[in-house]
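J.: No sequence on hand, only this structure:
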């Protein structure tokens, strides 16, 4: 987790989490004194934006949504993009931070590179946040913390699996991409992110990953998180090829004011 610091904090009982991607923005407000999520809203873009276009939309949302025009005790920012990689902490050298991303991501010389420590498995997540958005939020709110979304996903899954004695594949689903996390007896075996258009793309990457790790679809437990529900096209095709499919549950006890499927908004809920 990285922190942008400025002495401009307003003490309230509300925390704000902002999830930022080039495909949309999400906002979640937690009343920390009651553990109630009082506001949760997604704003999807019709097409993939640039970081500059995202900033324009972010400013517009803050200017027009009354719930976002109050003071917040804490601000959490989550960056969603494919520009990240995991490095064992024992091998991490901050002076060479850009080199880790060059192997599997296309980065620009002007990109700012940050990192999160994942203490539960002694690793470091190296990633690119959108520095123009960071600068805006710093001027607007002062101190705030930001992480890459995969940091939260990996941390929470490993926490849920810390006492497990079996092997599982977690699939976290979003509109245009999904993540696979494979664990074995609480240890991280694999993390990867995939883009998809059709349900056939979706199941191909799942079965290909299982094949590469020599996981048997007949005995593997697959846990679904995020934007997927029973009987939709993605669920049906997974259930066709994987025998043991279940939905995950969050490691939180937050109460939502509106009824919501429990495995939805998994990363947002765990960002506080």
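T.: Right, received. Where do you want to start? Please read all numbers here as calculations on a predicted model, not as lab measurements. Residues are numbered from 1 along each chain as shown.

J.: can we go C-alpha only for contacts and neighbour counts from here?
T.: Noted.

J.: Does the residue at the greatest distance from the centre of the chain lie in a helix or a strand, and which?
T.: Outermost residue of the chain with respect to the C-alpha centroid, by C-alpha atoms, centre = their mean, is residue 218; its distance is 28.7 Å. Assigned by DSSP states H and E, residue 218 belongs to no helix or strand.

J.: Quick check: it touching residue 240?
T.: No. With contact defined as C-alpha atoms under 8 Å, residue 218 does not reach residue 240; the gap is 10.9 Å.

J.: coming back round to it: how about the residue farthest from the centre of the chain, what does it touch?
T.: 242-244 (C-alpha atoms under 8 Å, 6 or more residues apart in numbering).

J.: please redo it, this time with the cut-off set to 7 Å
T.: Residue 218 makes contact with 242-243, according to C-alpha atoms under 7 Å, 6 or more residues apart in numbering.

J.: Can you read off the pLDDT for it?
T.: Listed pLDDT for residue 218 reads 95.

J.: One more: the one 5 residues further on?
T.: On pLDDT, residue 223 comes in at 98.

J.: just residue 10 next, same as before
T.: 53.

J.: Could you look up the SS state of residue 28?
T.: strand (DSSP: H, G, I helix; E, B strand; the rest coil).

J.: Counting neighbours, what do you get for it?
T.: Counted with other C-alpha atoms under 10 Å, the neighbours of residue 28 add up to 22.

J.: now do residue 199
T.: Neighbours of residue 199 (other C-alpha under 10 Å): 14.

J.: Equivalent analysis for the one 3 residues further on, please.
T.: By other C-alpha under 10 Å, 20 other residues sit near residue 202.

J.: ok, it - contacts?
T.: Residue 202 neighbours (C-alpha under 7 Å, 6+ apart): residue 196.

J.: what's next to stretch 120-127, contact-wise?
T.: Against stretch 120-127 from outside (C-alpha under 7 Å, 6+ apart): 83-89, 113-118, 148, 151, 155.

J.: cutoff 6 Å now
T.: With C-alpha atoms under 6 Å, 6 or more residues apart in numbering as the test, stretch 120-127 has contacts from 83-89, 113-118.

J.: What residues sit buried inside that stretch?
T.: 121, 123-127 (16 or more other C-alpha atoms under 10 Å).

J.: And stretch 245-258, by the same measure?
T.: Neighbour-count burial for stretch 245-258 [16+ other C-alpha under 10 Å]: 245, 247-248, 250, 254.

J.: What is the most widely separated pair among the residues you listed?
T.: Largest separation among the buried residues of stretch 245-258 by C-alpha to C-alpha: 245 and 254, giving 24.9 Å.

J.: Of the contacts of stretch 120-127, which is the most crowded?
T.: Result: residue 84 is most packed of those (other C-alpha under 10 Å), 26 neighbours.

J.: Report the contact partners of it.
T.: 126-127.

J.: Report all helices and strands that the helix or strand hosting residue 132 contacts.
T.: For residue 132, the enclosing helix or strand under DSSP H and E is helix 131-141. Under the contact definition 3 or more C-alpha pairs under 6 Å, 6 or more residues apart in numbering; DSSP states H and E, helix 131-141 sits against no other helix or strand.

J.: please begin residue numbering at 18 from this point
T.: All set: I'll call the first residue 18, so the last point we hit is now helix 148-158.

J.: buried sites along it?
T.: 150-151, 154-155, 158.

J.: Kindly report the same for stretch 107-118.
T.: Under 16+ other C-alpha under 10 Å, the buried positions of stretch 107-118 are 109, 114-115, 117-118.

J.: Stretch 54-74 now?
T.: Result for stretch 54-74 [16+ other C-alpha under 10 Å]: buried residues 54, 56-57, 68, 71-72, 74.
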